[in-house]
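Colleague: Attaching a predicted model along with its sequence, questions to come.
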Amino acid sequence: MMAHDAISQVMARCPDLTIDGLNGRKRENFDERREALLSESGVREFEIARVWLSEVPARATPNKVCDSYRVKHVIETWAGTYVANGACIAAALSIGIAIAECPSGINAWLGIAGQRKWP
């Protein structure tokens, strides 16, 4: 499936997901931030995150040690480029990784193995 289509499907399931993360309706410029997830850079960041996340063993339940904001920084170091929090969350959902909203509201716990099993 093409990345743009995969993001669109995730966005249909998560109507508050934006380039910044979850609960986008609570922030200014919701429509613009949502469209940014489908932009050229948003799609590229999604693809990078999806490659990295595909290399990490999944768990049946979200891991409270692996929040999307922390993981996005690990992916950035691995890839040598910026990756948005929302792109990381969208990539996780697109490959069937379980998520749960963090108390912060914008980040998500990801259902992936801990750091010892990361690329």
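Modeller: Sure thing, it's come through.
Colleague: where does this protein dip in pLDDT?
Modeller: Along the chain, the model assigns pLDDT under 70 to residues 1.
Colleague: Longest helix in it, please.
Modeller: Looking only at the chain and at elements set by DSSP state H, the helix with the highest residue count is helix 40-54.
Colleague: May I have the secondary structure class of residue 38?
Modeller: When the structure is reduced to helix, strand and coil (DSSP: H, G, I helix; E, B strand; the rest coil), residue 38 reads as coil.
Colleague: gap between it and residue 3?
Modeller: With the distance defined as Cβ to Cβ, to the nearest Å, residue 38 ends up 10 Å from residue 3. Heads up, the C-betas are built off the backbone N, CA and C, glycines and all.
Colleague: the more surrounded of those two?
Modeller: A direct count of neighbours by other Cβ atoms under 10 Å for residue 38 and residue 3 places residue 3 higher, at 19 against 16.
Colleague: what's near enough to touch the more buried one?
Modeller: 43, 46-47, 50 (Cβ atoms under 8 Å, 6 or more residues apart in numbering).
Colleague: mind listing the helices in the protein by residue range?
Modeller: Chain-ordered helices for the chain, with DSSP H as the definition, fall at 3-13, 30-36, 40-54, 68-79, 85-94.
Colleague: which one of the ones you listed is the most hemmed in?
Modeller: Here the criterion is mean neighbour count by mean count of other Cβ atoms under 10 Å, and of the helices of the chain the winner is helix 85-94, at a mean of 28.
Colleague: Just name whatever secondary elements that helix is in contact with.
Modeller: Contacts of helix 85-94 with other secondary structure elements, assessed using 3 or more Cβ pairs under 8 Å, 6 or more residues apart in numbering; DSSP states H and E, are made with helix 3-13, helix 40-54, helix 68-79, strand 99-101, strand 108-112.
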